[in-house]
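Fold the following, please.
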Amino acid sequence: ESGIIIGKKKGEAAQSKTDITKLRTAIQTLCQSCNPLGRCLEYVHEDLEAMAKELEHWKALRRRKMAELAEEEAKTEASLFTLHQELAL
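All right, here's what the predicted structure looks like:
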């Protein structure tokens, strides 16, 4: 036989009581450990959504800044082109 056997023989009543106490303590410890983990897991989905929104924010900001940079580079090139032409004369 396997599993938890409680009070199988006459002389094991005290042992069974001890086993039940140990089992109760182990179950309580397990529940105390699992409950905070369960609460944390409830918020994982919300956290992932918030992180995804933040990522999109930073990607959009990067796209805007890259466009601004390209515009400024084009302006600089145009300014330098006219200056190069003046120097060539």
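
Okay, now the unreliable bits of the protein?
For the chain, residues meeting the criterion pLDDT under 70 lie at 1-14.

In it, mark out all the helices, start to finish.
13-88 (DSSP state H).

Pull the number of nearby residues for Lys17.
By other CB atoms under 10 Å, 12 other residues sit near Lys17. C-beta here means a position set from N, CA and C on the backbone, and glycine is covered the same way.

same question, Ser16
Counted with other CB under 10 Å, Ser16 comes out at 15.

got it, and the one 4 residues further on?
Look at Ile20: counted by other CB under 10 Å, it has 13 neighbours.

Give the buried residues for stretch 59-68.
Neighbour-count burial for stretch 59-68, counted by 16 or more other CB atoms under 10 Å, picks out no residue.

What would it look like as PDB? C-alpha coordinates only.
Coordinates of each C-alpha in stretch 59-68 appear next as PDB, following Å, rounded to 0.1, in the frame of the first residue of the first chain:
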ATOM      1  CA  LYS A  59       9.200  53.100 -29.700                       C
ATOM      2  CA  ALA A  60       6.900  56.000 -30.800                       C
ATOM      3  CA  LEU A  61       9.300  58.500 -29.200                       C
ATOM      4  CA  ARG A  62      12.200  56.900 -30.900                       C
ATOM      5  CA  ARG A  63      10.500  57.100 -34.300                       C
ATOM      6  CA  ARG A  64       9.700  60.800 -33.700                       C
ATOM      7  CA  LYS A  65      13.200  61.600 -32.700                       C
ATOM      8  CA  MET A  66      14.700  59.700 -35.600                       C
ATOM      9  CA  ALA A  67      12.400  61.700 -38.000                       C
ATOM     10  CA  GLU A  68      13.500  64.900 -36.300                       C
END
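
what's the offset of that stretch from the middle of its chain?
26 Å (CA atoms, centre = their mean, to the nearest Å).

Please apply the same query to stretch 77-89.
For stretch 77-89, the distance to the chain centre is 53 Å (CA atoms, centre = their mean).
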